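1. I would like the atomic coordinates for the input below:
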Amino acid sequence: MLLEQFAKLADIKSDMIFLKGKSYRITFEELSFAIGSRSKPLKGIGIVSGLRVAIVLDDSRDIIEILLSCWQLGAIPVLISPNATIAEYSSYISCSKPDMIITNWKIFENLQHIDIPVFPIEELSQGFGGCAPARFYNKLDLNQIRLILFTSGSTGSPKAVQLTERNLIESATKWHEEIQFCQNDVYLNCLPMYHIGGISIFIRSLIYGFSTYQLNKFNIKNITYLLKSEQISLISMVPTMLQRLLDESEDKLPPSLRGLIISGGPSSEALMNRCIVHNIPVYKSYGMTETSSGICGFWLHDYPSKFDSVGLPFIKTKCQINDSVLHISSSTIMNGYFQEE
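-> Next comes the predicted model:
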């Protein structure tokens with residue numbers, strides 16, 4: 001479904017800009033060609049259906065191209081932070097047991113101690129892997145594991161979360177019910193792509209056909225500039241980012257910004273009041289990696305007195321508290337932790 005949707009968009013919106021970055025503008029058609037070029041060398045190093053492929057990269061464009069190419073071959077991407085320590089890398093690899101790692105030369109030296117094949121992306125040229133065309137995986141199974149991400153580890157060691165195709169699609173669908181994505185949207189992604197917050201933005205754009213501008217790291221001056229110069233309509237942030245944005249912009253954001261989605265931690269009353277006073281279009285949400293991103297939320301201006309709430313459950317999502325424990329029922333709930341019953 002995800003790849004089929006992308007193929008459809010590449011056909012009917014071939015010339016539309018899909019990905020933007022500091023030095024590139026990529027159309028749906030160009031990304032489709034890039035995936036074909038990437039898939040050939042990935043098949044050449046032995047990537048086939050069912051393999052887990054750790055992606056340890058620091059460029060969003062590279063991550064997207066390798067992720068989609070892995071999906072083309074039926075492999076399962078495992079997204080890992082490029083900023084981890086050597087000890088953390090060992091923990092992530094032990095937890096998810098990937099069959100191989102795709103990284104870059106800069107990060108390679110921190111992964112040399114790992115006892116599985118490690119391939120720098122710079123060495124995976126279009127000509128690598130021989131002349132045989134890649135055979136693409138085309139089995140449609142919504143319950144197939146499509147992505148492995150790691151929890152933040154806020155209640156212990158990080159765990160490998162398995163998300164299915166159904167999880168990813170249902171999450172994007174529920175977000176669409178709340179935000180109403182449209183073709184003209186440009187979503188600025190300043191969240192890490194190895195985190196559910198960042199990768200879910202791309203998946204929403206993949207399903208609903210709008211553009212994203214990818215930042216590889218958070219930089220408040222760049223964000224303030226891009227909000228105006230790129231006619232950004234949507235952005236996701238954590239509260240500390242929002243605080244810095246309002247300080248930098250002196251509470252004046254461009255009218256093109258129709259939604260500023262806040263999650264990832266509690267928002268202070270002072271910050272929320274500041275948004276209300278200056279008419280900042282804040283949408284508060286709550287979710288986690290295990291729920292494929294947000295599961296509830298609300299537009300702050302609709303309920304200004306509920307600034308400390310996490311909002312209303314998304315469509316077909318049930319939340320209930322029993323004995324101080326939150327119980328969630330949703331089609332976005334993960335397919336368990338890897339290697340845990």
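2. just to confirm, which helix or strand has residue 283 in it?
-> strand 282-288 (DSSP states H and E).
3. Name the next helix or strand downstream of that strand, please.
-> Next element after strand 282-288 (DSSP H and E): strand 293-299.
4. For the helix or strand just after that next one, which strands pair with it and how are they oriented?
-> Downstream of strand 293-299, the next assigned helix or strand under DSSP H and E is strand 312-313. Using DSSP bridges, strand 312-313 pairs in its sheet with strand 293-299 (antiparallel).
5. quick one: the closest residue to residue 260 other than its chain neighbours from residue 223, how far?
-> Among residues not flanking residue 260 along the chain, residue 282 sits closest, at 5.2 Å (C-beta to C-beta, 6 or more residues apart in numbering). From N, CA and C alone the C-beta is placed, and that goes for glycine too. Per C-beta to C-beta, to the nearest Å, residue 282 is found 16 Å from residue 223.
6. averaged over its residues, what pLDDT does the host helix or strand of residue 147 have?
-> According to DSSP H and E, residue 147 maps onto strand 145-150. Averaged across strand 145-150, the pLDDT comes to 97.
7. Stretch 53-67 now?
-> 97.
8. what's the spacing between it and its chain's center?
-> 11 Å (C-alpha atoms, centre = their mean, to the nearest Å).
9. which residues of the stretch 201-341 of the chain score low on pLDDT?
-> Residue ranges of the stretch 201-341 of the chain with pLDDT under 70: 341.
10. Could you report the neighbour count for the residue nearest to residue 260?
-> Residues near residue 282, counting by other C-beta atoms under 10 Å, number 22.
11. Touching, it and residue 257? I think so.
-> No - under the criterion of C-beta atoms under 8 Å, residue 282 is not in contact with residue 257, lying 10.5 Å apart.
12. count of residues packed around residue 221?
-> 8.
13. Kindly provide the distance from it to residue 65.
-> Applying C-beta to C-beta to residue 221 and residue 65 gives a distance of 28 Å.
14. After the longest helix anywhere in the chain, which helix or strand is next?
-> Secondary structure of the chain per DSSP state H: the longest helix is helix 28-44. Counting by DSSP H and E, the next helix or strand C-terminal to helix 28-44 is strand 52-55.
15. residues in contact with that following strand?
-> 42, 47, 63, 66-67, 70, 75-80, 92-93, 96-103, 148, 194 (C-beta atoms under 8 Å, 6 or more residues apart in numbering).
16. One more: stretch 81-101?
-> So stretch 81-101 is contacted by 45-47, 51-58, 78, 80, 103, 107, 110-111, 113-114, 116-119, 148, 150, 157-160, 192, 194, 338-339 (C-beta under 8 Å, 6+ apart).
17. returning to that earlier point: partners of the strand holding residue 283 in the sheet?
-> strand 259-262 (parallel), strand 293-299 (antiparallel).
18. so how far is the first one from its chain's centroid?
-> When you say that, I think you mean strand 259-262. With C-alpha atoms, centre = their mean, you get 15 Å for strand 259-262.
19. try stretch 62-79
-> Worked out by C-alpha atoms, centre = their mean, stretch 62-79 lies 13 Å from the chain centre.
20. now do stretch 41-48
-> Worked out by C-alpha atoms, centre = their mean, stretch 41-48 lies 24 Å from the chain centre.
21. For it, give the mean pLDDT please.
-> For stretch 41-48, the per-residue pLDDT averages 94.
22. Mind listing what's buried along that stretch?
-> Under the neighbour-count criterion of 16 or more other C-beta atoms under 10 Å, stretch 41-48 has 41, 42, 43, 47 buried.
23. from these, which two are the most distant?
-> For the buried residues of stretch 41-48, the maximum inter-member distance is 9.2 Å, found between 41 and 47 (C-beta to C-beta).
24. residues touching residue 145, list them.
-> 76, 162, 163, 164, 335.
25. so which strand or helix has the second one?
-> The reference is to residue 162. Judged by DSSP H and E, residue 162 forms part of strand 160-164.
26. CA-only coordinates of whatever helix or strand comes next after that strand, as CSV, when you get a sec.
-> Following strand 160-164 in sequence order, the next helix or strand is helix 165-179 (DSSP H and E). Provided in CSV are the C-alpha atoms of helix 165-179 (Å, rounded to 0.1, in the frame of the first residue of the first chain):
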residue,chain,number,x,y,z
GLU,A,165,2.3,-1.2,7.4
ARG,A,166,-1.2,-1.0,8.9
ASN,A,167,0.1,0.9,11.9
LEU,A,168,1.8,3.5,9.7
ILE,A,169,-1.1,3.9,7.4
GLU,A,170,-3.7,4.1,10.2
SER,A,171,-1.6,6.7,12.0
ALA,A,172,-1.3,8.9,9.0
THR,A,173,-5.1,8.5,8.4
LYS,A,174,-5.9,9.5,12.0
TRP,A,175,-3.7,12.6,11.7
HIS,A,176,-5.4,13.5,8.5
GLU,A,177,-8.7,13.5,10.3
GLU,A,178,-7.3,16.1,12.7
ILE,A,179,-5.1,18.3,10.5
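27. Tell me the helices and strands packed up against helix 165-179.
-> For helix 165-179, the elements it packs on are helix 2-12, strand 145-150, helix 196-208, strand 293-299, judged by 3 or more C-beta pairs under 8 Å, 6 or more residues apart in numbering; DSSP states H and E.
28. wait, which of the ones you listed is closest to residue 240?
-> Closest among the helices and strands packed on helix 165-179, using C-beta to C-beta: helix 196-208, at 13.5 Å.
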